[in-house]
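[1] curious how this folds, go ahead:
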Amino acid sequence: MSFHNVLKNGEDHLSESRPQQSKIWNALSHATCLLAVGGSKLILNLFYDVKVKGLSNIDAGLTKARSENRSFITLMNHMSVCDDPLLWGCLPWKYFRDVDDIRWGLAAANICFNNKFSSTFFSLGKILPCERFGRGPFQDSLDAAIRILSPDDTIDSEHIFQLENTVNPLINDIKSLYSKSHTPPVLRHKTSWMHIFPEGYVCQLEPPHNNSMRFFRWGTARLVLEPTVAPVIVPIFSNGFEKIAPEGRSADFSDSVLPQNIGAEISVNIGKPIDDSIIESFRKEWRDLCVKYTDATNPNDMSFDLKFGDEAKALRSRVCAYLREQVAKLRLDSGFPEEDPRFKSVDFWTNYTNSKGESDKDIKFVGLNWAVKEYQKNVKRFDEFGNEVKK
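    Numbering: from 1, shown residues only. Reported below is the predicted structural model:
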């Protein structure tokens with residue numbers, strides 16, 4: 001269930017970062033993505049042993065999504081800074097022939113969007129900037145992702161939340177958004193593919209906890225609950241990208257820049273599309289909460305309770321826990337033992353990060369725990385509701 005203001009804000013954000021309906025932009029975007037994929041394939045084919053399991057599940061998910069006019073989400077554990085784009089170097093070229101088939105993604109604004117050159121490069125690479133360290137799930141990039149995951153012909157009164165028997169203060173704006181002559185924020189001819197790393201940070205842990213995961217962040221749940229129609233979702237578990245770019249490398253050029261552990265095995269385990277009935281049950285709960293907690297004085301936007309209320313937060317937590325469980329099953333299928341049960345807990349990771357590891361000294365990161373704010377540059381400050389606080 002989508003809200004008008006969420007979709008409109010997403011459109012505005014996309015319009016700011018890329019020219020609307022620009023064939024030139026799309027051509028440059030396609031070229032940028034092909035360059036990144038080609039470089040990734042070159043590195044992987046020359047230096048590593050790549051094994052992909054379940055490739056047909058991506059075909060099945062994409063075919064299902066496109067035939068039912070739905071978008072497509074893949075989600076994966078985050079082991080290395082090179083997970084994207086090297087993941088795409090593991091897949092056949094057929095997924096990159098059309099710019100519409102190339103995935104969208106999210107990346108840290110303080111790292112990938114901190115100057116004009118990098119911002120343009122990653123925007124051309126179909127990446128949206130995401131603010132971390134307190135900004136929360138209610139930000140422009142997540143609204144833009146929800147808009148991308150909403151097919152253009154579903155931006156209508158059937159798919160956007162409207163409170164019955166109320167006067168809509170934005171009725172003219174909504175009619176414009178519903179209009180068939182309305183220009184969508186991106187030029188596309190198919191529904192979109194969004195790939196996300198729900199942990200939000202690279203997670204490389206020392207044995208015996210290696211290849212374990214953090215909790216999945218609530219923005220992930222928004223991408224499941226809020227598009228106009230339910231996306232088709234496929235989980236992925238990867239192993240080996242952390243060998244190419246291990247954390248904690250030395251300052252020597254050869255260690256810090258060049259690929260490491262030549263000859264290592266890289267494995268990508270792709271799961272089957274997640275059961276639609278389960279996703280729809282979560283979305284029904286969300287629709288019920290929208291009816292229950294929508295503010296009649298501002299029915300076109302999420303109310304405080306829908307953002308920060310206990311029931312809404314509990315639903316997002318359950319969605320994320322379920323999605324994490326699907327990736328964890330692929331981890332077991334890939335030959336790893338059961339994870340430490342602490343890793344599923346938001347409270348555990350909060351305490352661990354706030355104490356810089358002192359709360360549980362038996363768990364050690366390779367390199368740094370990048371969820372610690374002091375370890376990163378260009379970080380903004382936000383209050384408890386995600387509003388920026390000027391330094």
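[2] show me where the stretch 151-300 of the chain has strands.
    Along the stretch 151-300 of the chain, the segments classed as strands by DSSP state E, counting those that start in this stretch run 193-196, 232-239, 265-270.
[3] okay if I get these as TSV plus distance to residue 319?
    Bear in mind the C-beta positions are built from the backbone N, C-alpha and C, glycine included. Shown next, in TSV, are those (distance: least, C-beta to C-beta, whole Å):
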stretch	distance to residue 319
strand 193-196	13
strand 232-239	11
strand 265-270	21
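[4] and these: which comes nearest residue 362?
    Nearest to residue 362, of all the strands of the stretch 151-300 of the chain, is strand 232-239, at 22.4 Å by C-beta to C-beta.
[5] the closest one pairs with which strands?
    Strand 232-239 has the following sheet partners, assigned by DSSP bridges: strand 72-76 (parallel), strand 265-270 (antiparallel).
[6] to residue 57, which of the ones you listed lies closest?
    Closest of those to residue 57 is strand 265-270, at 4.8 Å (criterion: C-beta to C-beta).
[7] mind listing residues that contact that closest one?
    Identification of contacts with strand 265-270 by C-beta atoms under 8 Å, 6 or more residues apart in numbering yields 44, 48-55, 57-58, 86-87, 90, 234-241, 243-244, 330, 333-334.
[8] what of stretch 315-328?
    Counting by C-beta under 8 Å, 6+ apart, 75-77, 137, 198, 213, 215-218, 220-222, 224-225, 233, 235-237, 271, 274, 278, 282, 285-286, 289, 339, 344, 346 sit against stretch 315-328.
[9] if any of those residues are buried, put those into a PyMOL selection.
    Applying 16 or more other C-beta atoms under 10 Å to the contacts of stretch 315-328, the buried members can be selected in PyMOL as follows:
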select buried, resi 75+76+77+137+198+213+215+216+217+218+220+221+222+224+225+233+235+236+237+271+274+282+285+286+289+339+344
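[10] keep only those of the contacts of stretch 315-328 that are in helices.
    Secondary structure from DSSP state H places 218, 220-222, 224-225, 278, 282, 285-286, 289, 346 of the contacts of stretch 315-328 in helices.
[11] JSON lines for those residues, including distance to residue 157 and pLDDT?
    As requested, the ones in helices among the contacts of stretch 315-328 are exported to JSON lines (distance: C-beta to C-beta, whole Å; pLDDT from 0 to 100):
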{"residue": "218", "distance to residue 157": "28", "pLDDT": "95"}
{"residue": "220", "distance to residue 157": "28", "pLDDT": "98"}
{"residue": "221", "distance to residue 157": "25", "pLDDT": "98"}
{"residue": "222", "distance to residue 157": "22", "pLDDT": "98"}
{"residue": "224", "distance to residue 157": "22", "pLDDT": "98"}
{"residue": "225", "distance to residue 157": "19", "pLDDT": "98"}
{"residue": "278", "distance to residue 157": "27", "pLDDT": "98"}
{"residue": "282", "distance to residue 157": "23", "pLDDT": "98"}
{"residue": "285", "distance to residue 157": "22", "pLDDT": "98"}
{"residue": "286", "distance to residue 157": "18", "pLDDT": "97"}
{"residue": "289", "distance to residue 157": "20", "pLDDT": "97"}
{"residue": "346", "distance to residue 157": "37", "pLDDT": "95"}
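[12] out of the residues you listed, which is nearest to residue 100?
    The nearest member of the ones in helices among the contacts of stretch 315-328 to residue 100, counting by C-beta to C-beta, is residue 224 at 21.5 Å.
[13] measure that closest one to residue 385 for me?
    Computed as C-beta to C-beta, to the nearest Å, the residue 224 to residue 385 distance reads 22 Å.
[14] try residue 364
    34 Å.
[15] before we move on, back to that, okay, the strands paired with strand 232-239, which one's buried deepest?
    Ranked by mean neighbour count, the strands paired with strand 232-239 are led by strand 72-76 with a mean of 25 (mean count of other C-beta atoms under 10 Å).
[16] put the alpha carbons of that one into CSV.
    Extracted C-alpha coordinates of strand 72-76, given in CSV (Å, rounded to 0.1, in the frame of the first residue of the first chain):
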residue,chain,number,x,y,z
PHE,A,72,11.8,-7.6,-8.8
ILE,A,73,14.0,-7.5,-5.7
THR,A,74,17.1,-9.5,-5.0
LEU,A,75,18.7,-9.3,-1.5
MET,A,76,22.0,-10.6,-0.4
